[in-house]
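Novice: Output the structure for:
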Amino acid sequence: MGNVKTRIIQNEPEPEPSAEVEEVPVADERQTWLRRACFLVAVVGYFIIGVIHPAEVEVGDDTTLYIGIHLVQPFFILLLAWGTWLLVKDLPGRAAQVARIAIVPYAIAYSMFDAIAGVALGGIVRQANDASAADGAVVQRLMDTGTDYVGMVLFVASDLSWFVMALAAAIAVKPIGGRGPTLLMAIGAAIFAIAHPFPTGPIGITLFGLGIAWLEVRREHAPATEAQPALVP
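Specialist: Numbering: from 1, shown residues only. Modelled structure (predicted):
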């Protein structure tokens, strides 16, 4: 009986010591810091732009700052779009899906309005400054009384695309960060959508950025899910 028992034990398959261990996916740390860097640079950049942004530009004004702002601004627009993509790309739910879809129209419409329209307006004023006083007065009168329907459409489309993207992202992260970050992000997004110059621009982007920071802090201190090893044959 002892020999038979020994043979049965020896015939039982033993687990291979070199079996691979498969772990539950963990958030990429590099991606986390890239997301934070995108939002940090964009929020700080937009805050500075909002503070120094002229309320309006008229014939006779120096257009260097105005044109420079609208040449730099697309960089911050793309950083906000990239950061939002990294924020919601792996999140489930309808809000996350809406945010991912809205990123493209936001990046296109806002870039068109801020870069093309802003630089074009600054260029027109610069040319009027070099013209005669009579021609400059005509340009100023057109700027004051002319109805730019294309500019109005771009203005509404850019602000609406930003608000849809930012609000959807704020709702999408609510299961992760809770009501506080979502509310702060949503309020900031709404205020920033009014206009990006002072005062609404700096206030709105600051509140939105604080909501993102609050979310990241809660993520950092959230209990990590332990990886469950699984033997792979």
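Novice: and stretch 37-47, how far from the chain's centre?
Specialist: Relative to its chain's centre, stretch 37-47 lies at 9 Å (CA atoms, centre = their mean, to the nearest Å).
Novice: what's the answer for stretch 78-87, then?
Specialist: Distance, centroid of stretch 78-87 to centroid of chain: 4 Å (CA atoms, centre = their mean).
Novice: tell me the mean pLDDT for it?
Specialist: Regarding stretch 78-87, the rounded mean pLDDT is 97.
Novice: Extract the CA atoms of that stretch and return them as CSV.
Specialist: Taking Å, rounded to 0.1, in the frame of the first residue of the first chain, the C-alpha atoms of stretch 78-87 are listed here in CSV:
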residue,chain,number,x,y,z
LEU,A,78,-3.7,71.7,-27.7
LEU,A,79,-2.3,71.0,-24.2
LEU,A,80,-5.8,71.2,-22.8
ALA,A,81,-7.1,68.9,-25.5
TRP,A,82,-4.2,66.4,-24.9
GLY,A,83,-4.6,66.5,-21.1
THR,A,84,-8.4,65.9,-21.4
TRP,A,85,-7.8,63.0,-23.7
LEU,A,86,-5.4,61.4,-21.2
LEU,A,87,-7.9,62.1,-18.5
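Novice: Any idea how far apart the tips of stretch 110-127 sit?
Specialist: Across stretch 110-127, the terminal residues are separated by 25 Å (CA to CA, to the nearest Å).
Novice: quick one: it to chain centroid distance?
Specialist: Centroid displacement of stretch 110-127 relative to its chain, using CA atoms, centre = their mean, is 23 Å.
Novice: contact partners of that stretch?
Specialist: With contacts defined as CB atoms under 8 Å, 6 or more residues apart in numbering, stretch 110-127 is touched by 57-59, 61, 63, 66-67, 69-71, 73-74, 77-78, 139, 143, 151, 154-155, 157-158, 161-162, 196. All C-beta atoms are positioned from the backbone trio N, CA, C, and that covers glycine.
Novice: Where does pLDDT dip in the chain?
Specialist: For the chain, the stretches flagged by pLDDT under 70 are 1-27, 146-148, 150, 223-233.
Novice: Tell me which stretches of it form strands.
Specialist: With DSSP state E, the ranges of strands along the chain come out as 20-22, 230-232.
Novice: Pick out the residue nearest the middle of the chain.
Specialist: Leu80 (2.6 Å; CA atoms, centre = their mean).
Novice: What's the local residue count around the closest residue to that residue other than its chain neighbours?
Specialist: Residue nearest to Leu80 in three dimensions, not counting chain neighbours: Ala42, with 4.6 Å by CB to CB, 6 or more residues apart in numbering. When neighbours are defined as other CB atoms under 10 Å, Ala42 has 24 of them.
Novice: and if you look at Ala172?
Specialist: Look at Ala172: counted by other CB under 10 Å, it has 23 neighbours.
Novice: Correct me if wrong: it contacts Val88.
Specialist: Yes. If you go by CB atoms under 8 Å, Ala172 and Val88 touch, sitting 5.0 Å apart.
Novice: Give me the distance between the residue nearest to the centre of the chain and His221.
Specialist: Look at Leu80 and His221: by CB to CB, to the nearest Å, they are 25 Å apart.
Novice: next one: Ala109
Specialist: Taking CB to CB, one finds Ala109 at 37 Å from His221.
Novice: neighbour count winner among those two?
Specialist: Ala109 (21 against 7).
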